[in-house]
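Trainee: Below is the structure, and that's it, no one-letter string:
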């Protein structure tokens, strides 16, 4: 089986975020990953423009048929209200989470607007005139709730836009962020209940129905006000757009404008325009939720990669210390033993009756004691760093290779490396430590990547697996880089030997130590087409 991953030119949004200037605070770090602070990519701008154009095209296609009667669809309002409740609730929750990270009042305002929209859909749906056969009073109440809903949301967007440019002076202290979220949610719940109560009880409190009469007579003025308010919110967002959230809030406001235009155009219920208006706003609202969820998934993926990278780094440090301490112990054991032997001999010679050099004897005894202490110290350091009880389980080498290639995919793409996998699907498993073999493959692939950094010819990394007789598994990693000088090929696995200006000379030594610790063998040779080939064999797991 052959798999080829050709690196692509260009830079993704993630890589741009990753190459931003180093942040000095948690808030500035959040700017690289949060929807409310991350600048939109060119692809996102094109997608948002495409969505707006599709909505406008759908609006233009709907206008000729806007007044066509459709009839009352009983399930429409409950389904629409349920969808808006779910979408607005989840969007609000995700924005509240971002507020808890960056402590921005602007985010608190827009997340509050989404939460109020979610809460108001409940009385809005329950007071729909024809849902329960209600009278005109319910119709008037439903109209009031509709206008309040469409009034509060643009106001929350306007508040968000005005507050987001003054984050330094309006940031919430971290200790109060959760209290602010709970207080806002409680306040909005009370506000939604109060609006619903006033809308449903004002007629009883004012028998003349003066307030409702004024609202009904001013319906055209209300619609015009809501339309102007939505236009103002859109214009304000456009003038102060900076983040991905700004971009998609503009799309939502476009959906709201289309809804208001269709409602003003048709002026009555149960026609094509009346149904289409709500569907357009529903689609635009869903897009913000989809973007939030996708960014959350990307954030989780970055976190997972960061944890894995940290784990690999920790493993590498521990193994480096293990090998380094082993090298120190090996190199120092001989001189230390010599010091002890010479000290004992000197003590015996100097201890003879002639001359009587007691003080010299005492000094030599101190040398001997110091040598023993040095040897014991080295042994204790090695015992502390060395990890003896490693988990070794049956491991599929092919799966491990695919995992490492996927893990390093971005690095390979950035260096324009093509990867060719030639894996024997009938390969037996090996009894091995997953993390250690992962580190070996990462080191070998990284070495190949660095060897091809200056290539002008094709940069190809070939990873192969095969069955090696008898009862062994062979893995090879070949590159098309500069290759290895034959004069030093036997020394590259020595501890502290390196040909890199910034290398420690421990990577290949660690790899050989791990492979030999698994009962295998690691070696290097020149490639047939230039470059170098690193190969290792491991005993196959007969039971697997």
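Mentor: Arrived safely. The structure presented is a predicted model; accordingly, all values stated were derived computationally and were not measured.
Trainee: mind checking the backbone torsions on residue 475?
Mentor: With angles defined as degrees, to the nearest 10, residue 475 sits at phi -130, psi 130.
Trainee: I figured it hits residue 462, correct?
Mentor: No: look at residue 475 against residue 462 with C-beta atoms under 8 Å: they stay out of range, at 11.4 Å. C-beta: built from backbone N, CA, C; applies to glycine.
Trainee: Tell me where the model's unsure across the stretch 101-250 of the chain.
Mentor: Applying pLDDT under 70 to the stretch 101-250 of the chain picks out residues 132-139, 166-175, 202-220.
Trainee: So what's the residue count around the spatially closest residue to residue 403 that is not a sequence neighbour?
Mentor: Nearest residue to residue 403, sequence neighbours excluded (C-beta to C-beta, 6 or more residues apart in numbering): residue 438, at 7.5 Å. For residue 438, the neighbour count with other C-beta atoms under 10 Å is 20.
Trainee: For residue 233, list the residues it contacts.
Mentor: For residue 233, the contact set (C-beta atoms under 8 Å, 6 or more residues apart in numbering) comprises 154, 157, 158, 161, 253.
Trainee: contacting residues for the third one?
Mentor: Going back to what we said before, that points to residue 158. For residue 158, the contacting residues are 229, 232, 233, 236, by C-beta under 8 Å, 6+ apart.
Trainee: Okay, and it sits in which element?
Mentor: Secondary structure from DSSP states H and E places residue 158 in helix 136-163.
Trainee: Strands along the stretch 351-500 of the chain, start to end?
Mentor: 393-395, 418-423, 430-432, 460-468, 472-478 (DSSP state E, counting those that start in this stretch).
Trainee: Please work out which residues outside stretch 444-464 touch it.
Mentor: Applying C-beta under 8 Å, 6+ apart, the contact partners of stretch 444-464 are 401, 404-405, 408, 411-412, 415-423, 474-483, 500, 507-508, 511, 531-532, 534.
Trainee: could you redo the last one with a cut-off of 6 Å?
Mentor: Here stretch 444-464 makes contact (C-beta atoms under 6 Å, 6 or more residues apart in numbering) with 401, 415-422, 476-482, 534.
Trainee: now it: mean pLDDT?
Mentor: The predicted model assigns stretch 444-464 a mean pLDDT of 83.
Trainee: do the same with stretch 35-42
Mentor: Stretch 35-42 comes out at a mean pLDDT of 79.
Trainee: Any buried residues in that stretch, and which?
Mentor: Of the residues in stretch 35-42, 35, 36, 37, 38, 39, 40, 41 count as buried by neighbour count, 16 or more other C-beta atoms under 10 Å.
Trainee: Report the contact partners of the second one.
Mentor: The contact partners of residue 36, taken as C-beta under 6 Å, 6+ apart, are 98, 107, 243, 245.
Trainee: Looking at these, which is nearest residue 126?
Mentor: residue 107 (30.2 Å; C-beta to C-beta).
Trainee: That closest one and residue 90, how far apart?
Mentor: Residue 107 sits at a distance of 15 Å from residue 90 (criterion: C-beta to C-beta, to the nearest Å).
Trainee: Those two - which one has more neighbours?
Mentor: The neighbour count for residue 107 versus residue 90, taken as other C-beta under 10 Å, is higher for residue 107 (27 against 15).
Trainee: In terms of secondary structure, what does the helix or strand encompassing the more buried one contact?
Mentor: Assigned by DSSP H and E, residue 107 falls within helix 105-126. Using 3 or more C-beta pairs under 6 Å, 6 or more residues apart in numbering; DSSP states H and E as the contact test, the elements touching helix 105-126 are helix 76-102, helix 136-163, helix 177-205.
Trainee: The second one: which residues count as buried?
Mentor: By neighbour count on 16+ other C-beta under 10 Å, the buried set for helix 136-163 is 137-150, 152-154, 156-161, 163.
Trainee: And the shortest one, by the same measure?
Mentor: Of the residues in helix 76-102, those buried by neighbour count under the rule 16+ other C-beta under 10 Å are 76-77, 80-81, 83-85, 87-89, 91-96, 98-102.
Trainee: do the longest one as well
Mentor: Judged by neighbour count using 16+ other C-beta under 10 Å, the buried positions of helix 177-205 are 177, 180-181, 184-185, 188, 191-192, 195-196, 199-200, 202-203.
Trainee: before we move on, what about stretch 523-536?
Mentor: Buried residues in stretch 523-536 (16+ other C-beta under 10 Å): 524, 527, 531, 532, 533, 534, 535, 536.
Trainee: ok, now stretch 238-254?
Mentor: The neighbour-count check on stretch 238-254 (16+ other C-beta under 10 Å) flags 241, 243-254 as buried.
Trainee: now stretch 468-483
Mentor: Across stretch 468-483, burial judged by 16+ other C-beta under 10 Å covers 468, 472-483.
Trainee: Can you give the distance from that stretch to the centre of its chain?
Mentor: Computed by C-alpha atoms, centre = their mean, to the nearest Å, the chain-centroid distance of stretch 468-483 equals 34 Å.
Trainee: contacting residues for the nearest residue to residue 535 once chain neighbours are set aside?
Mentor: Among residues not flanking residue 535 along the chain, residue 476 sits closest, at 4.3 Å (C-beta to C-beta, 6+ apart). Counting by C-beta under 6 Å, 6+ apart, residue 476 touches 464, 533, 535.
Trainee: Mind doing that once more with 10 Å?
Mentor: 422, 444, 462-466, 525, 527, 533-537 (C-beta atoms under 10 Å, 6 or more residues apart in numbering).
Trainee: cool, residue 119 as well?
Mentor: Residue 119 touches 85, 88-89, 92, 149, 185, 188-193, 195-196, counting by C-beta under 10 Å, 6+ apart.
Trainee: Closest one to residue 116 out of the residues you listed, please.
Mentor: Distances from residue 116 to those, taken by C-beta to C-beta, are shortest for residue 188, at 4.9 Å.
Trainee: wait, that closest one sits on residue 115?
Mentor: Yes: between residue 188 and residue 115 there is a contact under C-beta atoms under 10 Å: 5.1 Å.
Trainee: roughly how far apart are residue 101 and residue 36?
Mentor: Separation of residue 101 from residue 36 (C-beta to C-beta) stands at 9 Å.
Trainee: mind giving me JSON lines with the contacts of residue 233 and columns for distance to residue 308?
Mentor: Formatted as JSON lines, those follow (distance: C-beta to C-beta, whole Å):
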{"residue": "154", "distance to residue 308": "44"}
{"residue": "157", "distance to residue 308": "39"}
{"residue": "158", "distance to residue 308": "43"}
{"residue": "161", "distance to residue 308": "39"}
{"residue": "253", "distance to residue 308": "40"}
